Structures are given as structure tokens and as C-alpha cells.
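# fold the following.
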Amino acid sequence: MDILIEKLNGTDAKALYKFELENRAFFEKMVPTRGDDYYKPGIFRIRHESLLKEQAEGISYFYLIKDENGSILGRINLIDIDETQKFGYLGYRVGQHHTGKGVAKKALKLLLETAIEQGIKHIKAKTTTNNIASQKVLEGNGFKQTASNDEEFEMNGQNLKFTNYIWSNKALS
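Here you go, the predicted model:
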């Protein structure tokens, strides 16, 4: 499957809201919930506008993962970019019907290419200890595990921890 990542823009709000609603239960099985308010149309619209502002300021970059027809398959973000240290934090999610097809791995590869062009030196990421698929996506794109948090949290009846990762731009390190 051919995919691309496209910077979030104002016209994406409606399709992105639909994507998030359709995948909410699936996402909440693997990551902590964003809460009920996030899914209220007015709140979602305000949040979307806030992301666009953050992106315009260069603080974060938000991308939609799309197929060749322009359908949203997921999202991938590089947030809280520290311009002086040239690092940021990775986040991504792929819709339920698109998992297991290499979408996340390809999207992350594309994001890393963009990060290299922007001079980013390091990207930090974290995933839950039980999210083996996400761990494989990170490691398959050159991320190295750095540590697991000692602090446990309860999610969906399980006690979990976060596992931390880092990627370094070999050309700039």
C-alpha cells in the first residue's frame, strides 16, 4: 500500500473528527483515553485550531497518514520541538482497519526523512510495555530502547508501564 504523510491543515477537521470517532474504542485499548470532552464537536474544532497554531509557530508538526485516495489511515506527530537542542517527541496512531499492513512503519520512515531535512538530531518516543507492535515499528526505524518507567498505571484492567525510546540522526550526532 502506498502512503504519504501530509501536514495537518484547516480543511482536515471534519475527516479527522470522523476518523477519531470511528477508532476511539480501538485506540483506548492501547493508549490512555483522551477523555469524553475531546470528542465533542466544538471542543474538537478548538483543539484542531490550536494544533494548527502550534504547527504555524514551529513548536510541533502534525501529519495525517493518507492513502493514494486521500483517505486518512492514521496520524503521526513530532511535538514539543526544542529548536536549540534539535529534538522532539513522537506520537502516532493508525486506524483499526489499517494495522498490520506496515502503515505505521512506512509513515515513521517518511517522518524521519522530514526530520532529517529539518535538522532534527533526536526524537524521543514512548509506548506501553504491552504494545509490541509499536515497539517493533520504533525499533524497525532505528529507535533504541532507553528505559522503562518504574511507575505503573492502570488501563483497561491491566497494570502497565511506559517504555522509552530515542532515535538519533546519525548525520548530525
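
# from now on I want contacts and neighbour counts done on CA atoms only, so please keep to that.
Will do.

# avg pLDDT for the longest strand anywhere in the chain?
In the chain, ranked by residue count with DSSP state E as the criterion, the top strand is strand 72-82. Mean pLDDT, computed over strand 72-82, is 95.

# kindly report the same for stretch 36-48.
91.

# now that stretch, how far from the centre of its chain.
18 Å (CA atoms, centre = their mean, to the nearest Å).

# in CSV, list the C-alpha atoms belonging to that stretch.
These are the backbone C-alpha positions of stretch 36-48, laid out as CSV (Å, rounded to 0.1, in the frame of the first residue of the first chain):
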residue,chain,number,x,y,z
ASP,A,36,-15.1,12.4,26.6
ASP,A,37,-14.6,16.2,26.0
TYR,A,38,-12.2,15.6,23.2
TYR,A,39,-15.0,14.0,21.1
LYS,A,40,-17.4,16.9,21.5
PRO,A,41,-17.6,18.7,18.1
GLY,A,42,-17.0,22.2,19.5
ILE,A,43,-14.0,21.1,21.7
PHE,A,44,-12.5,19.0,18.8
ARG,A,45,-12.7,22.1,16.5
ILE,A,46,-11.0,24.3,19.1
ARG,A,47,-8.3,21.7,19.6
HIS,A,48,-7.8,21.3,15.9
